[in-house]
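[1] No sequence on hand, only this structure:
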Ligand code: SF4
């Protein structure tokens, strides 16, 4: 992301030209195809796009949790600034190395879409929290219990002592997501990656969880990467946004600029297809569908769905164009911006 987007904020993580390919019997799938972005300390970045555009695999790769050995990092760096003069390229590490096991869950933590799938149904919530805490911190079981209780308290769960002795199926979906957030934050990570954390929740609980994530990010001075298909979520919690389409970032901007004026035709389509309270009329949608991952298209991969496609778009991939402190990958802006 261009420096201007972060002013003088310090970088926490810099993803530089990252490419992750799946090599499967049917062929090669370029799930992530040369993406770059930064997340500054204490700031938040939203990654938005339709299903299958590479958002989740980007997040998993940042923790070296991508499916191994099917998915391989083909290119690029994931530079993580652990301390002032201590930067490590996570992409160069072995997925089982001691150092990544130390960073994973401790310095970079992740919460997932469906808490029921992430919590172990046959273990009590307290035991699961204590296990995570003791995995990363050398403390006694009784001290880990105190940290677990504090974490449940931090995520404003009701009756935390009682929850410690309950099983995941005994509490509501919203509470389970709070437990997952407590588990992710119990080691006070520098970066929290939230992958569609509210998709499985109803709207009122969604609003509460988003507010909780935002408040905790501020209180803990933590960086946040929010992955979602929902622009409403982006507007609620992020400072900057990267829009992904078929493994590539097609637009990057501050959240304010993106909401004021989306530039890329795909981003414009996402905005037009947001549900709004209308008296009449059909909800607009982006025509066509995301291409199959095995389809190799020449030129811009959005061209078959784009109302502005020109002959150049079908023969040559658009370059990243810098325009007023933002970045857009579209030939439409070639004459206005800096290549
Ligand atoms: S490069 Fe061409 S096809 Fe692609 S989004 Fe821009 S105008 Fe549309």
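    Right, received. Where do you want to start? Computed from a predicted structure; not experimentally measured.
[2] Quick check: the gap between the residue in the stretch 151-300 of the chain that the ligand sits nearest to and residue 286.
    At 3.1 Å from the ligand, residue 300 is the closest residue in the stretch 151-300 of the chain, using CB to the nearest ligand atom. (Glycine included, C-beta is placed from N, CA and C.) Separation of residue 300 from residue 286 (CB to CB, to the nearest Å) stands at 14 Å.
[3] need the residues of this protein near the ligand, please.
    265, 300, 302-303, 306, 308-310, 313, 318, 330-332 (CB under 6 Å from any ligand atom).
[4] which of these has the most neighbours?
    Using other CB atoms under 10 Å as the neighbour criterion, residue 300 leads those with 28 neighbours.
[5] Need the three-state assignment for the closest residue to it other than its chain neighbours.
    Once flanking residues are discounted, residue 300 sits nearest to residue 313: 4.5 Å by CB to CB, 6 or more residues apart in numbering. Here residue 313 is helix, with the state taken from DSSP: H, G, I helix; E, B strand; the rest coil.
[6] mind listing what residue 313 touches?
    299-300, 303, 306, 331 (CB atoms under 8 Å, 6 or more residues apart in numbering).
[7] could I get the residues you listed as a markdown table with distance to residue 141, pLDDT and secondary structure?
    A markdown table is the format used below for these (distance: CB to CB, whole Å; pLDDT from 0 to 100; DSSP: H, G, I helix; E, B strand; the rest coil):
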| residue | distance to residue 141 | pLDDT | secondary structure |
| --- | --- | --- | --- |
| 299 | 59 | 93 | coil |
| 300 | 56 | 95 | coil |
| 303 | 59 | 95 | helix |
| 306 | 58 | 96 | coil |
| 331 | 61 | 95 | helix |
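[8] Kindly indicate which of those lies nearest residue 67.
    In terms of CB to CB, no member of those lies closer to residue 67 than residue 300, at 28.2 Å.
[9] got a list of what the closest one touches?
    Going by CB under 8 Å, 6+ apart, residue 300 touches 306, 309, 313-314, 317-318, 330-331.
[10] What ranges does the protein have for its helices?
    Secondary structure of the chain, counting by DSSP state H: helices at 3-6, 55-62, 98-103, 115-118, 125-136, 141-154, 160-164, 173-185, 203-219, 231-237, 255-260, 265-272, 311-315.
[11] of all those, which lies closest to residue 247?
    Nearest of the helices of the chain (CB to CB): helix 55-62, 8.5 Å.
[12] Can you tell me which helices and strands that closest one packs against?
    Applying 3 or more CB pairs under 8 Å, 6 or more residues apart in numbering; DSSP states H and E, we find helix 55-62 packed against strand 11-24, strand 27-40, strand 44-48, strand 71-83, strand 191-195, strand 223-228.
[13] What mean pLDDT does the first one get?
    What that stands for is strand 11-24. For strand 11-24, the per-residue pLDDT values average out at 95.
[14] and if you look at the last one?
    Per-residue confidence for strand 223-228 averages out to 96 on the pLDDT scale.
[15] List the neighbouring strands of that strand plus their orientation.
    Sheet pairing of strand 223-228 (DSSP bridges) gives strand 44-48 (parallel), strand 191-195 (parallel).
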